[in-house]
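**Q** fold the following for me, if possible:
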Amino acid sequence: MRWFNGLKANSIESFKKLTQAFGARFITCSRVPWPLGSLLSMSMWEGETLKAYSDRYWEMFNEIEGEHDDVAISTFKAGLPADHDLRKSLTGIPVTGVHQLMDRIDKYRRVKEDQLQGKGKAKVIPQERRDFKSDRYNSNRPRKDFIEQSGSANTQTVNAVFRESV
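**A** Here you go, the predicted model:
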């Protein structure tokens, strides 16, 4: 109210200009989408796990406006080290869609975890089911399969990720 009362007389000509002035003054948490070039600069860091790189990559991918699935496939592969087995696999047998890429990443991770478990070096956490109805992927969000829990009386938490701010 102090801001509104402090406006000069006749300085705002319409409601639209009032909302713009208000937004410019008070709204500071607006989400600005990342440019497509952000994906081009992503690569797997030395010592980084595939899961960490994948999580970081898909988080950035979700922040980019538009549908750039073909770019996502090529930039994910290019961000892997040249000698990485997954990169060799993606080069030998290319994927045609983002869901196919996500499946290949999950399969590769499971194989590596199984190999480590067989050597007794790692404890494997059971894989969670992924909802293929969603258009985007963010593996660091918990997923629940509510079909199997239809008779359950337990309270469940649901996390949602929206492409645009609500």
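**Q** would you agree Arg56 is in contact with Ser43?
**A** No - contact criterion CB atoms under 8 Å: Arg56 and Ser43 do not qualify, at 10.3 Å. Where C-beta positions appear, they are placed from N, C-alpha and C, glycine not excepted.
**Q** burial of the residue nearest to Leu86 when sequence neighbours are not counted, as a residue count?
**A** Beyond its immediate neighbours in the sequence, the residue positioned closest to Leu86 (CB to CB, 6 or more residues apart in numbering) is Tyr108, lying 4.8 Å away. By the criterion of other CB atoms under 10 Å, Tyr108 has 17 neighbours.
**Q** how about whichever helix or strand Tyr108 is part of: buried residues?
**A** When elements are assigned from DSSP states H and E, Tyr108 belongs to helix 98-118. Within helix 98-118, the residues that qualify as buried by neighbour count (16 or more other CB atoms under 10 Å) are Val98, Leu101, Met102, Arg104, Ile105, Tyr108, Arg109, Lys112, Glu113.
**Q** any idea how far the closest residue to the fourth one other than its chain neighbours lies from Ala21?
**A** Read it as Arg104. Counting by CB to CB, 6+ apart, Val95 is the residue found nearest to Arg104 once chain neighbours are left out, at 5.9 Å. As judged by CB to CB, to the nearest Å, Val95 and Ala21 stand 48 Å apart.
**Q** before we move on, what about Val98?
**A** According to CB to CB, Val98 and Ala21 sit 41 Å apart.
**Q** just to revisit the earlier point, max pairwise distance over the buried residues of helix 98-118: which two?
**A** Maximum pairwise distance among the buried residues of helix 98-118 (CB to CB): 22.5 Å, between Val98 and Glu113.
**Q** which stretches of this structure have low pLDDT?
**A** Using pLDDT under 70 as the threshold, the predicted model of the chain has low-confidence ranges 28-32, 120-166.
**Q** go with 50
**A** Low-confidence segments of the chain, defined by pLDDT under 50, span residues 122, 129-135, 140-153.
**Q** re earlier: count of residues packed around the residue nearest to Arg104?
**A** Residues within reach of Val95, counting by other CB under 10 Å, total 17.
**Q** quick one: it and Lys107 touch, right?
**A** No - Val95 lies out of contact with Lys107 (CB under 8 Å); the separation is 11.3 Å.
**Q** ends of stretch 78-88, what's the gap?
**A** Looking at stretch 78-88, the gap from its leading to its trailing residue is 11 Å under the measure CA to CA, to the nearest Å.
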